[in-house]
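Engineer: below: sequence and its predicted model.
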There are 2 protein chains.
Amino acid sequence: MSAAQVVHDVTVGDYTDPATVFAFAERCDVVTFDHEHVPPALLTDLQSRGVLVRPGPEALVHAQDKVVMRTRLAAHGIPVPTFEVVATPEALVAFADRARSAKGASTGWPVIAKTSRGGYDGKGVWKIDDPSTAEEPFTNLAPGVQILAEEYIPFTRELSALVARSSSGQAVAYPVSESVQADGICVETTTPAPGLTEEQATACQRMALEIARDLEVTGILAVELMQRADGTVVVNELAMRPHNTGHWSIDGAVTSQFENHLRAVLDLPLGDPAARAPWTVMRNVLGGTRTDLVEGLRHVLARDPGLKVQLYGKDVVPGRKVGHVTAVGDDLDEVRRRARHGASELRSES
Amino acid sequence: MSAAQVVHDVTVGDYTDPATVFAFAERCDVVTFDHEHVPPALLTDLQSRGVLVRPGPEALVHAQDKVVMRTRLAAHGIPVPTFEVVATPEALVAFADRARSAKGASTGWPVIAKTSRGGYDGKGVWKIDDPSTAEEPFTNLAPGVQILAEEYIPFTRELSALVARSSSGQAVAYPVSESVQADGICVETTTPAPGLTEEQATACQRMALEIARDLEVTGILAVELMQRADGTVVVNELAMRPHNTGHWSIDGAVTSQFENHLRAVLDLPLGDPAARAPWTVMRNVLGGTRTDLVEGLRHVLARDPGLKVQLYGKDVVPGRKVGHVTAVGDDLDEVRRRARHGASELRSES
């Protein structure tokens, strides 16, 4: 709903209702997405009516369904955690028991359980430490949703490899970002990821480009990666839309992920994804004790005339993403300090 | 009308019609402008009804009426051309004759004649070379409009000093730009102005800040300057709104003139006006032989992934400003070449 505040021509309606979506799409040259939750059958139907859907449902399903995604990436030789669809808590326990031997560890616990569909911002993901909590993921399971059991990856940090790919196949890779999560929500990104060697960065970018090509993605593809202490990476999630880990690009890259998403969807040549400064830190503004952000804004803008503030015009609810700030510059410590100060002052933490 | 294509809440109506303007302003916390042509009496009326008008009519009149502006600046010691309001062609000739002795030249010709109000993009300005054409400015003169005779300044180039000033008096100065005009229309700006010494640049910025303070401008003030061969400058025009000579700031400055105009009008602290790269060249896209700009856009984007293209969504009419392109970089020749190529390819000149 944030975009609706600043866009001239808006249709507000239920994206799962075929009549609403068809009436909207009829007037469009091409249809794209801001989230992954539009039902695939509806999109296939749109396509059969001659509507250009980008990314297409065949690609998008890999961002909608984690079982489909893991299966496809594994078949393609892309590193993913060991995984299995489990139908019962007992099967989840059995998976953990088998994982022990595969890992050569004294125990297969913890394991990760995830819903195949519908999760976001940490919702639909459980870290299961022992059999006593194995029933949790199966409680209140929506129809058609499966539970995926996954090897727990002892990652030291998360990375995001963001690429844009046009429908005719041109693709560009953004610098790889480090992403910091808290309670399953992205709170900060640093671009480029500090300490990542050029070789590692290139490998991440190549992997993301390969996935985009293999799945025939149109638009932005964000590949969220878990990096182990030895530097190796495993794919965690895919998103096929402008992504929180790419918000730095609005004020930090030559071409933002939003512009490149649109160029890709419209099959226009893609813009330069390079960073404009040595370091860019994006910090999410999560709802805090302030409900009116203007007072905080006044302080932040006065203290740091170079900080870029993006507020989404949403009602402030504690923990909700209501905006982000971006700092760019030559000195990472200073850039990070500025971004953190700006975000915490806006939500009134200080 | 370009903004109306991308803004959610738009009222389309005649800005000279009191009922339309009052009904619109009633719903606003503050009212500002994209051009100078709203009648001053209407703005004063708005103010007396309690509407915040920024810049206020007392300031804005200096961008609306060249006689008021020249008189005020001259009284304040700001360098302006010698000028006089002339009521007849004969008075214009007499002004030129007197100008001769003042200049110590063999002739006072040419002189410049301008309408006091309503001119833009070269309209309402005449270079009068001799008495035979002195009648031209007086033909079809609108009621209430005066003719201003001015000393012809043999300038070598035009500069633009852009500042933003908030209603509580905070002000920032953008780097000074060189502006190139053709047929009275700005076609290109280079920022910073090449060859301008730091001393000269600071003097221009100080002058613009002084004018903004003296006239109590709120928002962007663009001071268009004529620079003589000896480096001295004379004020040509004032504009109190985001200005063509500041369009480079959208893609070339830390904070664009549009953002700073809004911050100023809302009395928020102003953003950093610094350039993001050593050189920024903005080139206007004037309507040419192409009526559909998309084909040109495809070529331009493919050839130069770092070029920023802003198209206004206007119908293409030969000579009309329908967009602009901005190139930034370290090498001025290269940056200028890129901007010129992009603009001419879009209008299909090449």
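Structural biologist: Perfect, I can see it now.

Engineer: roughly how far apart are residue A:15 and chain B?
Structural biologist: Residue A:15 sits 20 Å away from chain B, going by C-beta to the nearest C-beta, to the nearest Å. Glycine gets a C-beta too; all of them are placed from N, C-alpha and C.

Engineer: hang on, isn't that residue packed against residue A:34?
Structural biologist: No - Residue A:15 is beyond contact range of residue A:34, at 9.8 Å (criterion: C-beta atoms under 8 Å).

Engineer: mind listing the shared neighbours of those two?
Structural biologist: Common contact partners of residue A:15 and residue A:34 (C-beta atoms under 8 Å, 6 or more residues apart in numbering or on different chains): none.

Engineer: pick out the residue in the stretch 101-250 of chain A sitting closest to chain B.
Structural biologist: Scanning the stretch 101-250 of chain A for the residue nearest chain B gives residue A:172, at 7.7 Å (criterion: C-beta to the nearest C-beta).

Engineer: partner strands of whatever helix or strand that residue lives in and their direction?
Structural biologist: Per DSSP states H and E: residue A:172 is located in strand A:171-173. Strand partners for strand A:171-173, identified by DSSP bridges, are recorded as strand A:155-165 (antiparallel).

Engineer: buried stuff in the strand it pairs with?
Structural biologist: Across strand A:155-165, burial judged by 16 or more other C-beta atoms under 10 Å in any protein chain shown covers A:155, A:157, A:158, A:159, A:160, A:161, A:162, A:163, A:164, A:165.

Engineer: now stretch A:214-233
Structural biologist: Buried-residue list, stretch A:214-233, by 16+ other C-beta under 10 Å: A:215, A:217-227, A:233.

Engineer: just the buried residues of strand A:155-165: which has the poorest pLDDT?
Structural biologist: Across these, the bottom pLDDT score, 94, is held by residue A:155.

Engineer: residues from chain A in reach of chain B?
Structural biologist: Neighbours of chain B within chain A, by C-beta under 8 Å from any C-beta of the partner chain: A:4-8, A:10, A:172, A:254-255, A:263, A:268-272, A:274, A:276, A:297-298, A:301-302, A:305-306.

Engineer: let's see 6 Å
Structural biologist: With C-beta under 6 Å from any C-beta of the partner chain as the criterion, chain A meets chain B at residues A:5, A:6, A:8, A:254, A:268, A:269, A:271, A:272, A:301, A:302, A:305, A:306.

Engineer: tell me which two in those are the farthest apart.
Structural biologist: Spatial extent of the residues of chain A next to chain B (C-beta to C-beta) is set by the pair A:269 and A:302 at 40.3 Å.

Engineer: give me the more crowded residue out of the two.
Structural biologist: Comparing residue A:269 with residue A:302 by other C-beta atoms under 10 Å in any protein chain shown, the one with more neighbours is residue A:269, at 19 against 12.

Engineer: helix or strand: which one has residue A:140?
Structural biologist: Using DSSP H and E, residue A:140 sits in no helix or strand.

Engineer: check the gap between it and residue B:332 for me.
Structural biologist: Look at residue A:140 and residue B:332: by C-beta to C-beta, to the nearest Å, they are 64 Å apart.

Engineer: okay, the two: which has more neighbours?
Structural biologist: A count of neighbours by other C-beta under 10 Å puts residue B:332 above the other of residue A:140 and residue B:332, at 14 against 6.

Engineer: pull the distance from the lowest-mean-pLDDT helix or strand in chain A to the chain's centre.
Structural biologist: Sorting the helices and strands of chain A by mean pLDDT, DSSP states H and E puts helix A:89-103 at the bottom, at a mean of 83. Averaging C-alpha positions (C-alpha atoms, centre = their mean, to the nearest Å) puts helix A:89-103 28 Å from its chain's average.

Engineer: tell me how chain A divides into domains.
Structural biologist: A:3-64, A:82-151, A:280-350 (automatic domain parsing).

Engineer: buried deepest among those domains, which one?
Structural biologist: domain A:280-350 (a mean of 19; mean count of other C-beta atoms under 10 Å in any protein chain shown).

Engineer: before we move on, back to that, state the mean pLDDT of the strand holding residue A:172.
Structural biologist: For strand A:171-173, the mean confidence score works out to 98.

Engineer: would you mind measuring from the nearest residue to residue A:14 once chain neighbours are set aside to chain B?
Structural biologist: Residue nearest to residue A:14 in three dimensions, not counting chain neighbours: residue A:20, with 5.5 Å by C-beta to C-beta, 6 or more residues apart in numbering or on different chains. Distance check for residue A:20 against chain B: by C-beta to the nearest C-beta, it reads 20 Å.

Engineer: and the gap between residue A:20 and residue B:129?
Structural biologist: 67 Å.

Engineer: what does residue A:56 give?
Structural biologist: Applying C-beta to C-beta, the value for residue A:56 to residue B:129 is 66 Å.

Engineer: and residue A:238, by the same measure?
Structural biologist: The gap separating residue A:238 from residue B:129 is 70 Å, by C-beta to C-beta.

Engineer: perfect, that will be all.
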